[in-house]
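Peer 1: Fold the following, please.
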Amino acid sequence: MAFLFKPDGDHGLGALLLESIASLAEAKSSKSFEDVQVEREVCTAGGKFIDILITSQSHVICIENKIRASLYNDLDDYWLHTKNISNERTCIAFVLSPRRQSLSGKSPFISITYDDLWGEVKSRIGQHISDSDTKWLQYLTDLMNITQNNNAESLDISTQEAFLIEHYESIEQILSDYEALNLRLYTHLGRLQQMLKDSGRLPKQLTKQWIYQKSCLVLDFSIHSYRISFDLYIDVAGWHLQLFARDSKSEAFLLSIKDKRITQLPRNDSRLIIPSWPLKDNLSDLTSRILDWTDWLSKQ
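Peer 2: Numbers count the residues shown, from 1 in each chain. Presented below is the predicted three-dimensional model:
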């Protein structure tokens with residue numbers, strides 16, 4: 001949710017959410033926010049963490065976002081941090097939750113509900129739709145649908161789902177980074193494929209060497225007319241080599257091999273699972289291990 005408060009974010013909604021929430025503290029606010037910075041999980045001097053902290057040339061806005069959890073946080077510590085970094089800027093602090101919270105009469109925090117916030121958003125959103133990114137507009141719409149007109153008891157959201165909603169932006173970034181890492185790992189399959197070719201040790205029974213769906217190096221063999229293959233996968237858990245047959249006749253041959261090297265391997269359906277190797281192992285060592293297995297197969 002924090003990402004939506006960034007006026008220059010890729011969502012294309014501009015200052016829609018920022019102006020909407022500010023207006024709940026400053027009646028009919030027309031403040032223009034400049035040099036806006038939005039941070040999540042900001043650590044205070046007391047070792048506590050502010051959910052969302054927004055700073056601009058004119059304001060410091062502290063938001064404690066409560067989708068499901070009870071309000072037990074040290075709001076005094078959050079306010080002290082907000083004031084300490086304000087440098088005479090206007091300070092505003094909110095508790096945002098499905099239902100209004102009971103706060104101390106002396107508390108500088110303002111309790112607002114999602115209904116309050118979405119009401120302000122809806123009154124302004126028409127000015128921003130044309131420039132908005134479709135994906136983020138849909139995310140905002142889904143978020144409003146999930147949280148509006150409900151209180152904490154009637155929300156049919158599990159603790160895990162609430163966590164996913166609250167940390168949506170971070171999770172999406174992690175998933176994007178994870179996908180980028182996998183794509184980078186897949187490039188090593190091409191390097192390994194070339195190193196196997198350059199070794200000069202690949203058996204003559206090898207009929208085809210190819211990469212399947214970017215993530216698997218396949219070595220196809222014909223052993224006495226039986227079709228046997230190695231699949232080499234790479235992922236964040238390491239390198240995984242599997243031995244399997246292409247048809248039932250070839251599977252019977254493979255399983256008939258009494259060599260101790262193969263009889264001790266665990267099975268996954270028709271596949272024999274060779275112990276995995278860590279990513280830290282260098283490609284030269286990995287090439288040698290695979291060649292040892294292909295040498296063994298060619299001698300059966």
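Peer 1: so what strands line up beside the longest strand along the chain?
Peer 2: Of all the segments of type strand in the chain, defined by DSSP state E, the longest one is strand 226-235. Strands that pair with strand 226-235, judged by DSSP bridges, come out as strand 216-223 (antiparallel), strand 238-245 (antiparallel).
Peer 1: got the buried residues for that strand?
Peer 2: Tyr226, Arg227, Ile228, Ser229, Phe230, Asp231, Leu232, Tyr233, Ile234 (16 or more other Cβ atoms under 10 Å). Yep, even glycine has a C-beta here, placed from its N, CA and C like the rest.
Peer 1: That one: how far from the chain's middle?
Peer 2: Put simply, strand 226-235 sits 29 Å off its chain's centre (Cα atoms, centre = their mean, to the nearest Å).
Peer 1: Can I get the strands paired with strand 226-235 in JSON lines including mean pLDDT and mean neighbour count?
Peer 2: Formatted as JSON lines, the strands paired with strand 226-235 follow (pLDDT from 0 to 100; neighbours: other Cβ atoms under 10 Å):
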{"stretch": "strand 216-223", "mean pLDDT": "95", "mean neighbour count": "19"}
{"stretch": "strand 238-245", "mean pLDDT": "93", "mean neighbour count": "19"}
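Peer 1: Could you give the average pLDDT over the longest strand of the chain?
Peer 2: Averaged across strand 226-235, pLDDT comes to 94.
Peer 1: can I get the strands paired with strand 226-235 in a markdown table with distance to Pro266?
Peer 2: Conversion of those to a markdown table gives the following (distance: least, Cβ to Cβ, whole Å):
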| stretch | distance to Pro266 |
| --- | --- |
| strand 216-223 | 19 |
| strand 238-245 | 10 |
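Peer 1: helix or strand right after the longest helix along the chain?
Peer 2: Criterion DSSP state H: the longest helix present in the chain is helix 168-199. Sequence order places strand 206-212 as the next helix or strand after helix 168-199, per DSSP states H and E.
Peer 1: That following strand: partners in the sheet, and parallel or antiparallel?
Peer 2: Partners of strand 206-212, by DSSP bridges, with direction: strand 216-223 (antiparallel).
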